[in-house]
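> How does the following fold in three dimensions:
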Amino acid sequence: MVNREAPNSSGRHPAASLGCDGYSRRLIRMRWIPPKLPANPRDLQRIGANSPFQDSADFYLDYMWLRPTAQRSLTFSAHVQRAAHRSRRRSVALCDYVSPDLVPVMSLGTSLLMHFNKVFAGLGLMAGAATAMPTLPTVPTSFKSRQSSGPQNVVYWGQNGGSTIENNDLSAYCTSDAGIDILVLSFLYQWGNGNTIPSGTVGQSCSISSSGEGQNCDNLISAIKTCQSNGVKIILSLGGASGAYSLSSADEAKTIGKYLWDAYGNSGSTSVQRPFGDAFVNGFDFDLELNNGNEFYPDMISTLRDSFKSDSSNTYYITGAPQCPIPEPNMGVLIDNAQFDYIWPQFYNNNNYTYPCALPINGNAPFNYDKWLTYTAGTPSADAKIFVGVPASPLGANGSPSGETYYATPDQLAGIIADVKGESRFGGIMMWSAGFSDSNVNGDCNYAQQARSILDSGSPCGGGGGGGGSPPSSSTPVGTPTSAPTSTNVPTSTPTGTSTSSAPASTGTGSVSQWGQCGGIDYTGPTECQSPYKCVMSGAYWSQCQ
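Numbering: from 1, shown residues only. From the prediction side, this is the model:
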């Protein structure tokens, strides 16, 4: 994607004053990942030779982003005036950098220097730039102001699946260009069996223990406040496709409900640890994909709603992410007996269920959105807004190439929304998840931005079109890694990893068949794909022919 900055008052682009020869007419974005921690910080290796560096000694990039990850890989992009690609040494010589707001940061005429603990520390790089995260793709259309009553764009953040990544800075998704109205933090995924303090991992860094202690959550706390000040609602989700959660009684449900309010609401409580400090969430989401004592969750929700009344200055929401079949196998008892404000059924991964349902894109199963309107009209959630829940990429559905069956391209999504937008209880679009959206760029917009444009104008932005798993090599989705893939998953360990969108070397004449592995860290097999497929990197440890 291209960041079309304007020249400064002198008529010259700000980068032109940094000492490089002229200003590029061509802006590209590139992602680099060292396969392993370099012994010498100056030795930056890159994965894949299929890059703009093959064809040109000079290249130009959007933005600056330098961030080490737990997997000892480094992802960055920079606004560079000139660089020479030294193919044999596999290093890059850089001339000048510009920070995301085009403030001159440094000039470096030799090899790119880095260190995984202190990125560019000691080289004179401004601290703010060293920690700056990338902005989201620049959208060629103007989004409306954030929705308060109209159709809303909902994105899950914090867990994805496999090696798909997202920006670990939540606030990066709260800019006006991001086009997101509600961010759902995922997940708290362990409670019950006598444990009345839900625990889990939210994002890559913030871990919440079974005692309620938040570890490495300071950045998330700050980001929550930033998002809310920008008009984005922050909802905390409980559950996920795997985990260890259950209820054994109504009393246990009420105790957990009271704890959730004390720990995460604007309760003023000092009797419990507050993982998010003085920040508070705007509600709680139930994504129950296990069925163990689910008949007691209405008691938890009632307790939460009673607690909401103690803070009349803020509005709180109860939301739910059921599967789309009716009757719903896990959350049906909740919907029948508890009041939800927003319900976003997952219209994917249910084509072969006893009562199949799906997005109306391939005819494999009926799209039962209208049945959700009818069904909920006879429940305490009769006034709830009903959303269209979608995967944000083919891999977002089930973590495998077969997920394309459940994925709606931006053009297809526009048609679906056009058919239901006239319903008085239409709520908007929910997608799983931020990381999959980031990795799915079409027409200069990621999937969340496509959804925003569809809700606002009825059409995808930037040409929309088809598209699927990975963006073109000229785009760099932001990212932070997560857990094993499912529709809405829960990590089994501390998330790690990094994914990219650039294709490793592939001439289309190789031996690897479609969907076969063709690259990744520690991979030693063939890297060339059979024609007409290309090797597409979907994660630090996995690239496949597609």
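
> biggest strand in the protein, by residue count?
Taking DSSP state E as the criterion, the chain has its longest strand at strand 182-192.

> Report all helices and strands that that one contacts.
strand 152-157, strand 195-202, strand 233-240, strand 244-245, strand 283-288 (3 or more Cβ pairs under 8 Å, 6 or more residues apart in numbering; DSSP states H and E). Backbone N, C-alpha and C define where each C-beta goes, glycine included.

> That one pairs with which strands, and in what direction?
The strands beside strand 182-192 in its sheet (DSSP bridges) come out as strand 152-157 (parallel), strand 195-202 (antiparallel), strand 233-240 (parallel), strand 244-245 (parallel).

> Please work out which of these is packed deepest.
Greatest average neighbour count among the strands paired with strand 182-192 goes to strand 152-157 (a mean of 28), per mean count of other Cβ atoms under 10 Å.

> now it against strand 283-288, angle please.
Strand 152-157 runs at 70 degrees relative to strand 283-288, counting by axes from the mean of the first three to the mean of the last three Cα atoms, to 10 degrees.

> Give me the residues contacting strand 152-157.
147, 166, 170, 173, 179-186, 203, 237, 342, 344, 385, 387, 392, 427-434, 437, 448, 451-452, 455, 488 (Cβ atoms under 8 Å, 6 or more residues apart in numbering).

> how about low-confidence regions in this structure?
The chain contains residues with pLDDT under 70 at 1-149, 162, 463-510, 514-515, 520-523, 537-544.

> those helices in it, which residues are they?
With helices called from DSSP state H, the chain shows them at 127-130, 218-229, 250-264, 297-308, 332-337, 369-377, 394-398, 410-420, 434-438, 447-457.

> Out of the ones you listed, which is the most enclosed?
helix 434-438 comes out most buried of these by mean count of other Cβ under 10 Å, with a mean of 33.

> Show me what it is packed up against.
In terms of contacts (3+ Cβ pairs under 8 Å, 6+ apart), helix 434-438 is packed against strand 152-157, helix 394-398, helix 447-457.

> hmm, back to that, is it possible to export the strands paired with strand 182-192 to TSV including distance to Phe367?
Formatted as TSV, the strands paired with strand 182-192 follow (distance: least, Cβ to Cβ, whole Å):
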stretch	distance to Phe367
strand 152-157	19
strand 195-202	32
strand 233-240	24
strand 244-245	30
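
> quick one: contacts for Ser437?
Contacts of Ser437 by Cβ under 8 Å, 6+ apart are 155, 392-393, 396, 431, 446-448, 477.

> ok, which pair from those residues is furthest apart?
By the measure Cβ to Cβ, Met431 and Pro477 form the most distant pair in those, at 14.1 Å.

> For these two, indicate the residue with more neighbours.
Each of Met431 and Pro477 has its neighbours counted (other Cβ atoms under 10 Å); Pro477 has more, 30 against 27.

> For Asp419, which non-adjacent residue is closest in space?
Leaving aside its sequence neighbours, Asp419 sits nearest to Pro360 (Cβ to Cβ, 6 or more residues apart in numbering; 7.8 Å).

> Next one: that neighbour from Ser269, what distance?
The gap separating Pro360 from Ser269 is 46 Å, by Cβ to Cβ, to the nearest Å.

> Thr255 too?
For Thr255, the distance to Ser269 (Cβ to Cβ) stands at 14 Å.

> Make sure Leu260 is actually in contact with Gly283.
No. In this structure, Leu260 is not within contact of Gly283 by Cβ atoms under 8 Å, at 10.4 Å.

> Which neighbours do these two have in common?
Common neighbours of Leu260 and Gly283, using Cβ under 8 Å, 6+ apart, are Leu236.

> about what we covered before: of Pro360 and Ser269, which one has the most company?
Pro360 (17 against 14).

> still on that earlier bit, of all the strands paired with strand 182-192, which lies closest to Thr319?
strand 233-240 (5.8 Å).

> Output that closest one in PDB, but only the C-alpha positions, please.
Written as PDB, here are the backbone C-alpha positions of strand 233-240 (Å, rounded to 0.1, in the frame of the first residue of the first chain):
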ATOM      1  CA  LYS A 233     -15.800   0.300  22.600                       C
ATOM      2  CA  ILE A 234     -13.700  -2.300  24.400                       C
ATOM      3  CA  ILE A 235     -15.400  -5.600  25.200                       C
ATOM      4  CA  LEU A 236     -13.700  -8.500  27.200                       C
ATOM      5  CA  SER A 237     -14.500 -11.900  25.900                       C
ATOM      6  CA  LEU A 238     -14.900 -15.100  27.900                       C
ATOM      7  CA  GLY A 239     -14.600 -18.600  26.300                       C
ATOM      8  CA  GLY A 240     -13.200 -19.500  23.000                       C
END
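
> Could I get the contacting residues of Gly427?
Gly427 makes contacts with 151-152, 342-344, 384-387, as judged by Cβ under 8 Å, 6+ apart.

> Can you get me a residue count around the spatially closest residue to it that is not a sequence neighbour?
Spatial nearest neighbour of Gly427, excluding adjacent residues (Cβ to Cβ, 6+ apart): Lys385 at 3.0 Å. Counted with other Cβ under 10 Å, the neighbours of Lys385 add up to 22.

> who are the neighbours in contact with Lys385?
By Cβ under 8 Å, 6+ apart, the contact set of Lys385 is 152, 341-343, 425-428.

> Isn't Ile224 up against Tyr173?
No. Using Cβ under 8 Å, Ile224 makes no contact with Tyr173, being 11.6 Å away.

> Number of residues surrounding Ser211?
10.

> ok, for it, nearest residue in space, not its chain neighbours?
Ile197 (6.5 Å).

> got the domain boundaries for this structure?
1-132, 152-457, 503-546 (automatic domain parsing).

> In a markdown table, list the contacts of Ser437 along with distance to Pro532.
Shown next, in a markdown table, are the contacts of Ser437 (distance: Cβ to Cβ, whole Å):
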| residue | distance to Pro532 |
| --- | --- |
| Val155 | 33 |
| Ala392 | 26 |
| Ser393 | 21 |
| Gly396 | 25 |
| Met431 | 30 |
| Asn446 | 26 |
| Tyr447 | 25 |
| Ala448 | 30 |
| Pro477 | 24 |
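
> ok, these vs Asn292, which is closest?
Distance to Asn292 across the contacts of Ser437 (Cβ to Cβ) is lowest for Gly396, with 26.3 Å.

> State the distance from that closest one to Thr164.
From Gly396 over to Thr164 the distance is 8 Å, taken as Cβ to Cβ.

> any residues in contact with both of these two?
Common neighbours of Gly396 and Thr164 (criterion: Cβ under 8 Å, 6+ apart): Phe436.

> one step back: could you single out the nearest of the contacts of Gly427 to Gly243?
Trp344 (19.3 Å).

> Might one say that the closest one is in contact with Gln323?
No. In this structure Trp344 lies outside contact range of Gln323 using Cβ under 8 Å: 11.1 Å.

> who has more neighbours, these two?
Trp344 (31 against 24).

> what's the more buried one in contact with, if anything?
The contact partners of Trp344, by Cβ under 8 Å, 6+ apart, come to 154, 319-321, 386-389, 427, 430.

> got CSV for the residues you listed, with distance to Ser209 too?
Formatted as CSV, the contacts of Trp344 follow (distance: Cβ to Cβ, whole Å):
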residue, distance to Ser209
Val154, 28
Thr319, 25
Gly320, 26
Ala321, 25
Ile386, 36
Phe387, 32
Val388, 36
Gly389, 30
Gly427, 34
Met430, 29
